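Student: I would like the atomic coordinates for the input below:
(chains A and B)
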Amino acid sequence: MTDKLSQSADKVLDHYTLFRQPEYAAMFEKKKTEFEYGHSDEEVARVSEWTKSEDYKAKNFAREAVVINPTKACQPIGAMFAAQGFEGTLPFVHGSQGCVAYYRTHLTRHFKEPNSAVSSSMTEDAAVFGGLNNMIDGLANAYALYKPKMIAVMTTCMAEVIGDDLQGFIANAKNKDSVPADFPVPYAHTPAFVGSHIVGYDNMIKGILTNFWGTSENFDTPKTEQINLIPGFDGFAVGNNRELKRIAGEFGVKLQILSDVSDNFDTPMDGEYRMYDGGTTIEETKEALHAKATLSMQEYNTTQTLQFCKEKGQQVAKFNYPMGVTATDELLLKLAELSGKPVPASLKLERGRLVDAIADSHTHMHGKRFAVYGDPDFCLGMTRFLLELGAEPVHILSTSGSKKWEKQVQKALDGSPFGASGAAHGGKDLWHLRSLIFTDKVDYIIGNSYGKYLERDTKIPLIRLTYPIFDRHHHHRYPTWGYQGALNVLVRILDRIFEDIDANTNIVGKTDYSFDLIR
Amino acid sequence: MLQDKIQDVFNEPGCATNQAKSAKEKKKGCTKSLKPGAAAGGCAYDGAMIVLQPIADAAHLVHGPIACLGNSWDNRGSKSSGSQLYRTGFTTDLSELDVIGGGEKKLYRAIKEIVQQYDPPAVFVYQTCVPAMTGDDIAAVCKFAAQKLGKPVIPVDAPGFVGSKNLGNKLAGEALLDHVIGTVEPDYTTPTDVCIIGEYNLAGELWLVKPLLDEIGIRLLSCISGDGRYQEVAQAHRARVTMMVCSQALVNVGRKMEERYGIPYFEGSFYGVSDMSDTLRTMTRMLVERGADKGLIDRAEGVIAREESRVWRRLEPYKPRFDGKRVLLFTGGVKSWSMVSALEGAGLTILGTSTKKSTKEDKERIKKMKGEEFHQWDDLKPRDIYKMLVDNQADIMMSGGRSQFISLKAKVPWLDINQERHHAYAGYDGIVNLCEEIDKTLSNPIWRQVRQPAPWESGPSSTLLAAE
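Tutor: Take a look at the predicted model:
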């Protein structure tokens, strides 16, 4: 008896092969004719073409109510990420229970690591009467079950709509002995209907610092030589934070990262399950008040926090996801200026090597047109690096981008002849970007995994360089900051360019005159 | 309104757990109230999305702040052979002003923009916590939009805070019953038309079963909702027999379709050899009882005989490799028992299974099959799972993504059998796929590497391990 189906024991076909076999093609075709009640193929093709037109773009940009494929997440996930960078800290999300499951999954799918967080699991009753009891029981349970060193409280929309008073609730819970009176329970209000994950990050860092540094202004705290650094919400945090620490080591600067998730999101497989790992310790967080300065790697992630640091008498400096030669130079110069130490020889060597690498490959980057999307700071950093490489950033889009951000991007574009065809699009989504790419073609898209649908529709190659990356593994372990990081980014872009050239020249006897061994 | 719906779902007579309850317990509902401060699963909105999102040609619009959609769009591996619209994330992205001033107008405009730009056969509108609390009446907006735009616009009233994922599943089912099922008449019907409820075509699982149905001569009139089309779901009321796959999730739909349209239903499973055969037998028998040609039964038996012999032949090579291998199985509902029988058939030893999402019948079945000694864990804490793994009590753990790392960090091989899996495990072919994956996972050289100490760490315990 012959097997009716293509699937056989000798060779188990994967889904992408199996469902292409003739019997499945026939089955799908039958489904389409009998059950889909869709439009004709011709009509679908006609409309599909129309969605690529200027006419459609005008309609698409006139959209005012529906947001389609947004490139942002909500405040609490940013707050949770910020809290997870502190030693033994359990994020406690006050509000309805489903949200926290989403955040955990989202982060896990990117980092391929577990992450801990709990919810106060408010229900309808709590919505009516307020969530005080959930806070009291919740803190007690979380403290007993997961033995954290600190519980960082943030909110979902639900608690914010009711207007739960976190400060009062936490004080109440402490009075009821949910946690010891001296146990740190910093908090931040993080309504999802305001801002996005980067604002949540800002709020939580400020909440934690406020908890340890006190609320009143204090310009007179004695300062040390230490420099604090806040990385911001960063999908490459594992690689980047470690790279920053390495750079500080080369410099001989005492650099304190505030919220360091690099170990928490990269635990070894050694037989021990770590609920928490690494992170900025509570002692270090307290000490950080005395640092002479605080640097922010991502301006839009730290607006309020930096202001707070300033009020504490610290010098502050902000960057916009610094990538590339000039951006790294600026960071190192700032470290040199603040520490009074010269840029170390080892880093100078790294710079030389990076510049050499760029020079080796610049012809392949020159004039290539890019669409870039993601968080505001990432877009700025990426745009500047592309300009430096002689590439042309054309569409720069961020759903969280503001008018101020648009101006900042424009300023970067105006500073280079390669920026002439570029424009910033704040508050727009990936469906807008689709129209932009169809009406004004680019060579490559830089973004995250969600861009794969743009790649499919436009046939323009996607380079995944920002959170979230769900469908490629382990990139977050490599830095994108510093000269080494810039080299990584350069190689990622170049690889994609070369793969693209190869893929377009590999037809035997037809296009393979350009299928070259040496590129 | 919503409260009545929830009460109605809690009173579901089709659910055995419910039937066993006192009136007072019934009122309390079946959602166990969650322990604040403990790790929690998905919410009702998530549950509703799980059920409806696989309807691939419809637009799924989330009415809420960025939170609900921003973290969840396109997050399930439910496959479609046609439209890919269901993968697109639509939201009203409510802002502070909408919270203060109400979001109903914005919702209507959003529906209109979707209809204008995408012209889908229907728009599903999901209620979320914030507009539910501020009092946006999505049912009224949907009704108005449907009239104005001439399209079905279906309100799905399952805001996160009303309860668990499971409750959300059921509320999504209610939305289908109230607004979708029975609104379209099929072009033609046959005596072998069936409706399958609770199969989401994850990793293409429905497609491993569908060719067999075709061969037997059973017509899949409607699947709720794997590889779903709106029209297909809307004509489910003309099915002759309904099969409930994930019984806990959508029992209300099966039972109410029986009540309203007189369609008998049965609970079945596509997981495991004997369960797959039982399902085909029950389906054909019930169709014949309702007037289908008796030959159906013979054809089914023919397919079953051929497929069973084929599957056992294909599993044979795995048996010696699986000998003595112990499995910890953490999965929900029906899968708990049907997986157990399937895996034992392939020579694995099952140590125990979680029964958190299983019904009383599911548990009885396991007891009958495996005896009193067999472990059935209702609520095993991650810490306890970890302990079992560290104590070397299992060779492989099979579970969903959330407990993945407990296993991996304890150096125990792990296999994904939840919604994020990339391989289809349903049907006869699926069991072979599953065994292939287990075999790959068990035999991968990395596990030896992981369990051996580094070469510079020598000591009596490490040599012992190395010799293993």
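
Student: So what pairs up with B:Ile396 in the strands?
Tutor: Per DSSP bridges, residues listed as beta-bridge partners of B:Ile396: B:Val327.

Student: Against B:Lys143, how distant is it?
Tutor: With distances taken as CB to CB, to the nearest Å, B:Ile396 is found 51 Å from B:Lys143. Using the backbone N, CA and C atoms, a C-beta is placed for each residue, glycine as well.

Student: More neighbours: those two, which one.
Tutor: With neighbours defined as other CB atoms under 10 Å in any protein chain shown, B:Ile396 and B:Lys143 compare such that B:Ile396 has more, 21 against 14.

Student: Give the full set of residues in contact with that one.
Tutor: B:Lys325, B:Arg326, B:Val327, B:Leu328, B:Val412, B:Pro413, B:Trp414, B:Leu415, B:Ile438, B:Thr441, B:Leu442 (CB atoms under 8 Å, 6 or more residues apart in numbering or on different chains).

Student: One more pass at 6 Å, please.
Tutor: Taking CB atoms under 6 Å, 6 or more residues apart in numbering or on different chains, we find B:Ile396 in contact with B:Val327, B:Pro413, B:Leu442.

Student: quick one: which of these is nearest chain A?
Tutor: B:Pro413 (11.4 Å; CB to the nearest CB).

Student: Give me the pLDDT value at the closest one.
Tutor: If you check B:Pro413, the pLDDT there is 91.

Student: I figured it hits B:Thr441, correct?
Tutor: Yes: using CB atoms under 6 Å, B:Pro413 is in contact with B:Thr441, at 4.8 Å.

Student: and the two? which has more neighbours close in?
Tutor: Of the pair B:Pro413 and B:Thr441, B:Pro413 is the one with more neighbours under other CB under 10 Å, namely 21 against 18.

Student: mind checking how far the more buried one is from B:Ser83?
Tutor: In this view, B:Pro413 and B:Ser83 are 37 Å apart by CB to CB.

Student: try B:Glu259
Tutor: B:Glu259 is 32 Å from B:Ser83, by CB to CB.

Student: Could you do B:Ser225 as well?
Tutor: 13 Å.

Student: The two: which is more packed in?
Tutor: Per other CB under 10 Å, whichever of B:Ser225 and B:Ser83 has more neighbours is B:Ser225, with 30 against 21.

Student: confidence score at the closest residue to that one other than its chain neighbours?
Tutor: The shortest distance from B:Ser225 to any non-neighbouring residue, by CB to CB, 6 or more residues apart in numbering or on different chains, is to B:Pro54 (4.3 Å). The model reports B:Pro54 with a pLDDT of 96.

Student: Helices of the stretch 201-350 of chain B, residue ranges please.
Tutor: Per DSSP state H, counting those that start in this stretch, the stretch 201-350 of chain B carries helices over the ranges B:206-216, B:230-234, B:247-261, B:273-289, B:295-315, B:318-322, B:333-345.

Student: in the fifth one, what's buried?
Tutor: Buried positions in helix B:295-315, judged by neighbour count with 16 or more other CB atoms under 10 Å in any protein chain shown: B:Leu296, B:Ile297, B:Arg299, B:Ala300, B:Val303, B:Ile304, B:Arg306, B:Glu307, B:Arg310, B:Val311, B:Arg314, B:Leu315.

Student: In space, what's closest to the closest residue to chain B within the stretch 51-200 of chain A - neighbours in sequence excluded?
Tutor: Closest to chain B within the stretch 51-200 of chain A is A:Gly98: 2.2 Å, counting by CB to the nearest CB. Of all residues not flanking A:Gly98 in the chain, B:Cys43 sits nearest, at 2.2 Å (CB to CB, 6+ apart).

Student: So A:Lys206 is in contact with A:Phe308, correct?
Tutor: Yes: using CB under 6 Å, A:Lys206 makes contact with A:Phe308 at a distance of 5.4 Å.

Student: now, the most widely separated pair of the buried residues of helix B:295-315?
Tutor: B:Leu296 and B:Leu315 (27.5 Å; CB to CB).

Student: OK, contacts around the residue lying closest to A:Val66 once chain neighbours are set aside?
Tutor: In space, and not counting its chain neighbours, A:Val66 is closest to B:Ala110: 3.7 Å by CB to CB, 6+ apart. Listed by CB under 6 Å, 6+ apart, the contact set of B:Ala110 reads A:Ala65, A:Val66, B:Thr92.

Student: any idea how chain A splits into domains?
Tutor: Domain assignment for chain A by automatic domain parsing gives A:75-213, A:227-268+A:275-345, A:361-494.

Student: could you measure the residue in chain B positioned nearest to chain A against B:Leu61, distance?
Tutor: Of the residues in chain B, the one nearest chain A is B:Cys43, at a distance of 2.2 Å by CB to the nearest CB. As judged by CB to CB, B:Cys43 and B:Leu61 stand 18 Å apart.

Student: Please enumerate the strands of chain B.
Tutor: B:59-63, B:90-91, B:123-127, B:153-156, B:193-199, B:219-225, B:241-244, B:265-267, B:326-329, B:349-354, B:375-377, B:396-399, B:414-416 (DSSP state E).

Student: pLDDT of the shortest one, averaged?
Tutor: Mean pLDDT, computed over strand B:90-91, is 96.

Student: Which neighbours in the sheet does that strand have, and how are they oriented?
Tutor: When DSSP bridges is applied, strand B:90-91 pairs with strand A:67-68 (antiparallel), strand B:59-63 (parallel).

Student: In a markdown table, list those along with mean neighbour count, mean pLDDT and distance to A:Thr294.
Tutor: Formatted as a markdown table, these follow (neighbours: other CB atoms under 10 Å in any protein chain shown; pLDDT from 0 to 100; distance: least, CB to CB, whole Å):
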| stretch | mean neighbour count | mean pLDDT | distance to A:Thr294 |
| --- | --- | --- | --- |
| strand A:67-68 | 26 | 96 | 34 |
| strand B:59-63 | 29 | 97 | 37 |
